[in-house]
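[1] Here you go, sequence then predicted model.
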Amino acid sequence: MTARHGRPDSSPDPEATPGTRLVSQVLQWYAANARDLPWRAPGIDGWSVLVSEVMLQQTPVVRVLPVYQAWMTRWPTPDALAADSPGEAVLAWGRLGYPRRALRLHQAAVAITERHDGVVPADYDALKALPGIGDYTAAAVASFAYGRRHVVLDTNVRRVLARTVDGRELPGTSITAAERAMATALLPADPATAARWAVASMELGALVCTARSPRCELCPVVADCAWHAAGRPADDGPPRKAQTYAGTDRQVRGRLLAVLRDAFPDAVPADVLATCWDQAEQRERALNGLVADGLIEAAGDEMFRLPGVTP
DNA sequence: TACTCGTGGGA
DNA sequence: TTCCCAAGAGT
């Protein structure tokens, strides 16, 4: 219980620095406004947090919830998933998007079973060495599941800090050294408090300090927010690249994989897959890409299916 | 660094 | 309708 950081149950310290006051206010707000999500249950295990974090990558909470519940019921431990085929994981992933995440989650489960006795590691470096686990997810799992002290810089936290501290509407395209230094300076010294700050600042970004139409009238730190004080100036950075989808390989891959999911565990003839997309060249490229990624596999002559053989 | 990699819903 | 983007990772 340090007095420097994290006072969720007390009023703001008038002598606190702007940074500690920001942390304190957000922690208080979180205590009263946190969503009741399954991966936040008290005493939650590392596997539950890991699965939720991978599913939540670039994917809204509301779409993750049903898939997460079914996944954890079926595979409550890493070794349970590792014992099933990767195709089952891809199938259970459903339409969450970015299905390579399902494959990598399966690979991570195998690695955890083989290298860590089936226990999700608490160490950041061990986590980051797992397939599909990058800086954010490693820090998040270590922090949320094990109470470790880490800078957890996701898009929500970056936006909250860009606005409150830097006075900018949106963070840049990639994390800068200055950004990380600022987040490190703000991180409470006490590990448990640091972990709460991580999830609390993310929640503020998700519920109040949103990318579009931020709800500043509900914000606990609006009085300390540099962006709000400056009159909420519009982003002056380079225009974000438009995210096209129609006609891309991603769309073709999605269509092909949807057919193979529906057919699983059966294989599908190439001429049936051809009905997904009329441009043969692009269709072949997408199909070959899926095979190269391990999301599907050839099954006999001109047949394809989800990977059904456990490695 | 910049780009690829799904999907669906809100503004 | 179109646009934007939602707890990123890998190359």
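    Received it, and whenever you're ready, just let me know what you need.
[2] Could you list the contact residues of the stretch 201-311 of chain A toward DNA strand B?
    Neighbours of DNA strand B within the stretch 201-311 of chain A, by CB under 7 Å from any atom of the strand: A:212-213, A:241, A:243, A:245, A:248-251, A:253-255, A:257-258, A:289, A:295. C-beta here means a position set from N, CA and C on the backbone, and glycine is covered the same way.
[3] Go through the residues you listed and name the one nearest residue A:80.
    Among those, residue A:295 lies closest to residue A:80 (CB to CB), at 21.3 Å.
[4] so the closest one is in which element?
    Under DSSP states H and E, no helix or strand contains residue A:295.
[5] In helices, which of the residues of the stretch 201-311 of chain A next to DNA strand B appear?
    A:249, A:250, A:251, A:253, A:254, A:255, A:257, A:258, A:289 (DSSP state H).
[6] Of the residues of the stretch 201-311 of chain A next to DNA strand B, just the buried ones, ChimeraX syntax please.
    Buried residues within these, by 16 or more other CB atoms under 10 Å, are selected in ChimeraX with:
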select /A:251,253,254,255,257,289,295
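[7] for the residues of the stretch 201-311 of chain A next to DNA strand B, which one is nearest DNA strand C?
    residue A:243 (4.1 Å; CB to the nearest atom of the strand).
[8] Of the residues of the stretch 201-311 of chain A next to DNA strand B, which are in range of DNA strand C?
    Answer for these near DNA strand C (CB under 7 Å from any atom of the strand): A:212, A:243, A:245.
[9] and the stretch 151-300 of chain A, which of its residues are near DNA strand C?
    A:154-156, A:170, A:202-203, A:205-206, A:210-212, A:240, A:242-243, A:245.
[10] buried subset of those?
    Here, 16+ other CB under 10 Å leaves A:154, A:156, A:170, A:202, A:203, A:205, A:206 buried among those.
[11] which of these sit farthest apart?
    A:170 and A:203, at 18.6 Å, using CB to CB across these.
[12] quick revisit: and which of the ones next to DNA strand C among the residues of the stretch 201-311 of chain A next to DNA strand B is nearest to residue A:308?
    Relative to residue A:308, the closest of those is residue A:245; by CB to CB it sits at 29.2 Å.
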